[in-house]
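Participant: Need a 3D model of the sequence below.
(chains A and B)
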Protein chains: 2
Amino acid sequence: MRLSRYFLPTLKEAPSDAQIVSHQLMLRAGLIRQEAAGIYAWLPLGLRVLKKIEQIVREEQVRAGAVELLMPTLQLADLWRESGRYDAYGPEMLRITDRHERELLYGPTNEEMITDIFRAYVKSYKQLPLNLFHIQWKFRDERRPRFGVMRGREFLMKDAYSFDLDEAGARRAYNRMFVAYLNTFARMGLKAVPMRADTGPIGGDLSHEFIVLADTGESQVFCDRKLVEMPAPGADVDWNDLQSIVDERTSLYAATEEMHDASAFEAQTAEADRLTARGIEVGHIFYFGTKYSAPMKAKVAGPDGADTEVHMGSYGVGVSRLLGAIIEASHDASGIIWPDAVAPFDVQLISLRPDAPDVAAACEQALSRLEAAGKAVLYDDTDERPGGKFATADLIGTPWQLTIGPKGLADGVVELKRRATGEKLSLSLDEAVARLVG
Amino acid sequence: MRLSRYFLPTLKEAPSDAQIVSHQLMLRAGLIRQEAAGIYAWLPLGLRVLKKIEQIVREEQVRAGAVELLMPTLQLADLWRESGRYDAYGPEMLRITDRHERELLYGPTNEEMITDIFRAYVKSYKQLPLNLFHIQWKFRDERRPRFGVMRGREFLMKDAYSFDLDEAGARRAYNRMFVAYLNTFARMGLKAVPMRADTGPIGGDLSHEFIVLADTGESQVFCDRKLVEMPAPGADVDWNDLQSIVDERTSLYAATEEMHDASAFEAQTAEADRLTARGIEVGHIFYFGTKYSAPMKAKVAGPDGADTEVHMGSYGVGVSRLLGAIIEASHDASGIIWPDAVAPFDVQLISLRPDAPDVAAACEQALSRLEAAGKAVLYDDTDERPGGKFATADLIGTPWQLTIGPKGLADGVVELKRRATGEKLSLSLDEAVARLVG
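Facilitator: Predicted coordinates for the structure are as follows:
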C-alpha cells in the first residue's frame, strides 16, 4: 500500500479528553475517530488491526471446536422477557421502538437469542456437545463511556455459547474455552492471566476473567507470579482432557479486587510470588448451568429418552477492547509497538527521496519482493521530510522499518530498524529483504 | 468440517410465509433463521457464503483504489440535521434515544458520517482522489419486510464514497466503481446489467443500478440483449481511463420500470435485441456533486489555493441481499446451485457407510488430501441414510459431491457428481481427488 494513496490521518496531539495512553495513541496514530460518546469509526489502519485480532480469536475458537454463526445486532424484547432479563438489565440496555411500535433492543450479549436458536433445532443429546460463537457489534449504554475503545458503547465482542447434556460435559466445554483463551491472548503477544471472577448479571457458579497486566489497568488484581510466567498450552493438547492444564493454573491464587481474599492470598502464595498489579479484562468465561435453558425450555432427549435441560456456558472476548489493551501493554514515548501478529502492516518502507529515480527503483523492487512473499507493506512514498516519516512510522508502530535513501544506496546499503528494540542494521537490499521474508 | 460436529439445521419444508424460492431455500438449507420481521441470524452455512461474497466485494473495491474503513452502526441525529435528511428521511429511519436523551439513529447509509470524517482530515486537493468504503450492517425500517434477505430490515451493505476536486474527477471515480461492479458480480457467477436509474432520496444527477435478471425479480426491466451478453471487463484494464468501457455499455438501452421510455427503447434497439425481463437490484451507484459537501462544508484547497467544495459519489452493494439474488438466479427443484466462487464448501464428501472401516479410511484420506490442497470440505460422516445425505447435498448446493461407499470401493471406484449439471463420474479415489484439486 502506497501511503500517498492511503488514508492515514495522524494527529500531532491527542484531544485533551483522552486520558489514557492507548486512547491518546489510537487517536494520534489515526486508528479511530470518535463519532459520539463511546462510539467510534475505525479508520483504515485501526480496521486492519481489528481484523487481525478478530481472525486470531476466530481461529482459536474453531480449533477448540466452536462453530461460527452471526446473530443480528437487534433483538426482540420479548425474548429477554422469557429469561427475566428485560427488566433486570437496567439502563445499560439500549431499548428501541420500531415504526410498528414493536419493542427491540440493541444486543448487549446473546444468551437468550442463542438459547432460542438452540431450542428450535436441537432435540437430541446426540447433537451435543455444541458450541456456537459469533463476532458481532454489541451495544451497552455505559453511563460514562471513556478510555476510548476500552469502555466504549458500541463494541465488537466474540461471544461463544456451549450446550451440554450435563455439568460434566459443560465443564469440559468450559475447559476448552479456558485453554483457547490462553492460546488466543498469547498469539497476540499478551500475558493474560485467568482469575476467579464474580459472575455478575450473567449469573452462574463458575467464572474466570482473563486479565492483561498493565500499569494503566482499570482494576487492582492479585496473583501468584508463577501464573504470569507460565507459557500458554499451545494447540497441541488433548482437547478432550484439559482438566490438568486448567487445574495447574486455577490452583494458583489469582483474583480481581471484588473476589480478593487477602488471607487466602498469603496462605496460598509465597511472599516473593505475591504480585499486586493493575489489570485490564479482555475475556470472561462463565458456566451457568440451566439458568437460561430452564426458563426458556431448552431441552434435549437424553440417552434414556427423557427430556433434560441443557447445561450452558458463555465465553466473551472484547475484540475491539483488545486494541486498547495491547497498546497499554506495548508502547513507548514515540508511539505504539505492535506485536507482529496483530500489526496492521509488517513493514514500513520509507523512501527518503521519492523524486530520485534510483531510490524510487530500489523502493519499488523492495515493495514487489516483499509483497510477493506475502508481507503487508506500507510504502511511504510521500514528499514528507525524513524526520516526519520516521516519527509516523514510530507512532503507528509497524514492527519493521526499511529505509532507502540516496546516500545509503551509493554505499550499497539500506537501513532496517526493529521498532520494538530500536536496533538498526545497515544491510544490502537483498539481505534486508531476505531477513524480512525469512 | 465433519457434519457430525457442525451445526446445519435443514428443514423438510419452508415456513408458509416464505413466498419466493430464495427465501424458502435459505430457510430449508439452514442458511438463516428469522429473529424478528426482516431481521435474521446467519446460521453457519449462510455465514460462510456471506463472508465469501463480502470478500469478493472487498477485493474488487481495493483493486479499484478504494480504501476500507469501518463506521459504526449508530450515528448522531445532529449529523443528519446538517444535510437536512434527518427530517426528510421518513419512517424508514430507525430513531433511537439513549439513556442521556441524546438522539441517535441506526445508520441506513453513511453519506453524512463519511463527509464529516473527510472534512475533519482532508484539507488539500493533493490528498485527492479518495474513495473510502466500508462493509457494515445497516437498518432500514421497511414498512413491510419480506422476501427474506432480499428486503430485510437489518442488512449488510458495502458502501463506498468518492471525493474529488471537480466533476471530471468525480466521473473518473464513478467509472472505476462502474467497472468494479461489473467485475464483482461476474466473479459471483451473476449477469448484472447496469441500468440508468432514478437517483431517489440520495440525490444527484447520474446514477446506475446493477440488475440481476431473474424470473422472480421484484421489478420489470427493459434492455438491449447485447448488454446481457457482454463479458465483464476484468481486472486488466486501464483504471485511469475507463470511459470507453463505460460508454460501450451506457450507449445501449437499459432501464428500470421507473426510467423506462418505450419509444426510446424501440428507436435505439433492434426488435430482436429488445429484452423485457424481471430484475433484482444488487448495486446502485450515484454521482451527486456537492449535495453533501456544500451544506456540510467539506472543502479542500485547490491548486490555486482557493477552497473548493468536493464532488462526491456513493456506491452501494447489497451484500446480504446478494445471497438471495444468487439463489434466485441459480437453483433447481432439488435446491441451491452455488457458483463455485461463493459456495460455502467446495466439496461435500459423502460416506455411505461411516461404520465400515475401509470406507472411513478412504474418506479420511480424501478429506486430508483435499484440505491440504486448500479445499473446503463438508464431510458427511453422520449415520443418516444415503438418500437423505444426497438430498441434503443437493439442497445446500455444494458444487461437487464425492461419494464413497463399500460397493464402489470393492470395485476401486468412488463417485464424483457435479451439482450444477448432475453429471456423475466413476473414478478411482486418486483420479477424483486430482480432478477436484486440479
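
Participant: which regions of chain A sit below the pLDDT cut-off?
Facilitator: For chain A, the stretches flagged by pLDDT under 70 are A:200-205.

Participant: Report the residue ranges of every domain in it.
Facilitator: Split into domains by automatic domain parsing, chain A comes to A:9-336, A:345-437.

Participant: hmm, the last one in reach of chain B?
Facilitator: No: Domain A:345-437 does not reach chain B (C-beta under 8 Å from any C-beta of the partner chain); its nearest approach is 9.1 Å. The C-beta positions use only the backbone N, C-alpha and C, and glycine is treated the same way.

Participant: Tell me the gap between that domain and the middle of its chain.
Facilitator: Here domain A:345-437 shows a centroid-to-chain-centroid distance of 29 Å under the convention C-alpha atoms, centre = their mean, to the nearest Å.

Participant: What is the end-to-end distance of it?
Facilitator: Start and end residues of domain A:345-437 are separated by 14 Å (C-alpha to C-alpha, to the nearest Å).

Participant: Can you say which of the domains of chain A is nearest to B:G65?
Facilitator: B:G65 lies closest to domain A:9-336 among the domains of chain A, at 12.9 Å (C-beta to C-beta).

Participant: All the strands of the stretch 151-300 of chain A, in order from the start?
Facilitator: Ranges of strands within the stretch 151-300 of chain A are A:154-164, A:192-196, A:206-213, A:219-224, A:254-256, A:274-289, A:299-301, based on DSSP state E, counting those that start in this stretch.

Participant: hang on, the earlier thing: dump the domains of chain A to a markdown table, plus distance to B:L425.
Facilitator: Converted to a markdown table, the domains of chain A look like this (distance: least, C-beta to C-beta, whole Å):
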| stretch | distance to B:L425 |
| --- | --- |
| domain A:9-336 | 32 |
| domain A:345-437 | 36 |
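
Participant: Quick check on A:A333: phi, psi?
Facilitator: Reported as degrees, to the nearest 10, the phi and psi values for A:A333 are phi -70, psi -20.

Participant: Which parts of chain A are helices?
Facilitator: Under the criterion DSSP state H, helices of chain A are mapped to A:21-28, A:44-63, A:77-83, A:85-88, A:111-121, A:167-187, A:225-229, A:243-250, A:262-268, A:319-329, A:357-372, A:386-396, A:406-410, A:429-437.

Participant: if we can go back for a sec, let me know which of the domains of chain A is tucked in deepest.
Facilitator: Greatest average neighbour count among those goes to domain A:9-336 (a mean of 19), per mean count of other C-beta atoms under 10 Å in any protein chain shown.

Participant: circling back to that earlier point, and the helices of chain A: which comes nearest B:M188?
Facilitator: Smallest distance to B:M188 across those (C-beta to C-beta): 21.9 Å, for helix A:44-63.

Participant: and that closest one with helix A:167-187, angle?
Facilitator: Helix A:44-63 runs at 140 degrees relative to helix A:167-187, counting by axes from the mean of the first three to the mean of the last three C-alpha atoms, to 10 degrees.

Participant: Of all the strands of the stretch 151-300 of chain A, which one is nearest B:F390?
Facilitator: Between the strands of the stretch 151-300 of chain A, strand A:299-301 lies closest to B:F390; by C-beta to C-beta that is 26.8 Å.

Participant: helices and strands around the closest one, which ones?
Facilitator: Other helices and strands packing on strand A:299-301, by 3 or more C-beta pairs under 8 Å, 6 or more residues apart in numbering or on different chains; DSSP states H and E, are strand A:307-309.

Participant: For the strand it packs on, report the contacting residues that lie outside it.
Facilitator: A:125, A:165-166, A:290, A:293-294, A:297-302 (C-beta atoms under 8 Å, 6 or more residues apart in numbering or on different chains).

Participant: Pairing partners for it, with directions?
Facilitator: Paired with strand A:307-309 in the same sheet, following DSSP bridges, are strand A:299-301 (antiparallel).

Participant: tell me the contacts of the single nearest residue of the stretch 101-250 of chain A relative to chain B?
Facilitator: The stretch 101-250 of chain A approaches chain B most closely through A:Y121 (3.7 Å), counting by C-beta to the nearest C-beta. Contacts for A:Y121 (C-beta under 8 Å, 6+ apart) come out as B:7, B:9.

Participant: A:P231 versus that one, what's the distance?
Facilitator: 39 Å (C-beta to C-beta, to the nearest Å).

Participant: coming back round to it: looking at the domains of chain A, which is nearest to B:V193?
Facilitator: Across the domains of chain A, B:V193 has its closest neighbour in domain A:9-336 (30.4 Å, C-beta to C-beta).

Participant: and the closest one, how far out from the chain's middle?
Facilitator: Relative to its parent chain, domain A:9-336 has a centroid offset of 9 Å by C-alpha atoms, centre = their mean.

Participant: What separates the first and last residues of that domain, distance-wise?
Facilitator: 15 Å.

Participant: Give me the nearest residue to A:F133, chain neighbours excluded.
Facilitator: Distances taken as C-beta to C-beta, 6 or more residues apart in numbering or on different chains place A:A160 nearest to A:F133, at 3.5 Å, with adjacent residues excluded.

Participant: Pretty sure the one you found sits against A:Q136.
Facilitator: No: counting by C-beta atoms under 8 Å, A:A160 does not reach A:Q136; the two are 11.8 Å apart.

Participant: Up against chain B, what does the stretch 51-200 of chain A have?
Facilitator: A:65, A:67-76, A:91-92, A:94, A:96, A:98-99, A:102, A:104, A:106, A:113, A:116-117, A:120-122, A:130, A:132, A:137, A:139, A:141, A:143, A:153-154.

Participant: switch to 6 Å and redo it
Facilitator: Contact residues, the stretch 51-200 of chain A versus chain B (C-beta under 6 Å from any C-beta of the partner chain): A:67, A:69-74, A:76, A:91, A:96, A:98-99, A:121, A:137, A:141, A:154.

Participant: what sits against A:K123?
Facilitator: Counting by C-beta atoms under 6 Å, 6 or more residues apart in numbering or on different chains, A:K123 touches no other residue.

Participant: Apply 7 Å and report the result again.
Facilitator: A:300-301 (C-beta atoms under 7 Å, 6 or more residues apart in numbering or on different chains).

Participant: try A:A373
Facilitator: By C-beta under 7 Å, 6+ apart, the neighbours of A:A373 are A:V437.

Participant: closest one to A:T421 among the strands of the stretch 151-300 of chain A?
Facilitator: strand A:206-213 (21.2 Å).

Participant: Listing partners with orientation, what would you give for that closest one?
Facilitator: Its sheet considered, strand A:206-213 pairs with strand A:192-196 (antiparallel), strand A:274-289 (antiparallel) by DSSP bridges.

Participant: Looking at those, spot the one closest to A:D261.
Facilitator: Taking the strands paired with strand A:206-213 one by one with C-beta to C-beta, strand A:192-196 is closest: 9.8 Å.

Participant: report the angle between the axes of the closest one and strand A:219-224?
Facilitator: For strand A:192-196 against strand A:219-224, the angle by the same axes, to 10 degrees is 90 degrees.

Participant: which other residues reach strand A:192-196?
Facilitator: A:178, A:185, A:208-213, A:221, A:223, A:227-228, A:249, A:254-256, A:259, A:282-283.

Participant: and what of stretch A:237-248?
Facilitator: Applying C-beta under 7 Å, 6+ apart, the external contacts of stretch A:237-248 come out as A:64-65, A:175-176, A:178-179, A:233.

Participant: what does stretch A:319-334 give?
Facilitator: Under C-beta under 7 Å, 6+ apart, the answer for stretch A:319-334 is A:21-23, A:25-26, A:49-50, A:53-54, A:57, A:135, A:147-150, A:152, A:155-158, A:188-190, A:212, A:214, A:216, A:280, A:282, A:336-337, A:339, A:342, A:394-395.

Participant: switch the cut-off to 6 Å
Facilitator: In contact with stretch A:319-334 (C-beta under 6 Å, 6+ apart) are residues A:22, A:25, A:49, A:53-54, A:148-150, A:155-156, A:158, A:212, A:214, A:216, A:280, A:282, A:336-337, A:394.
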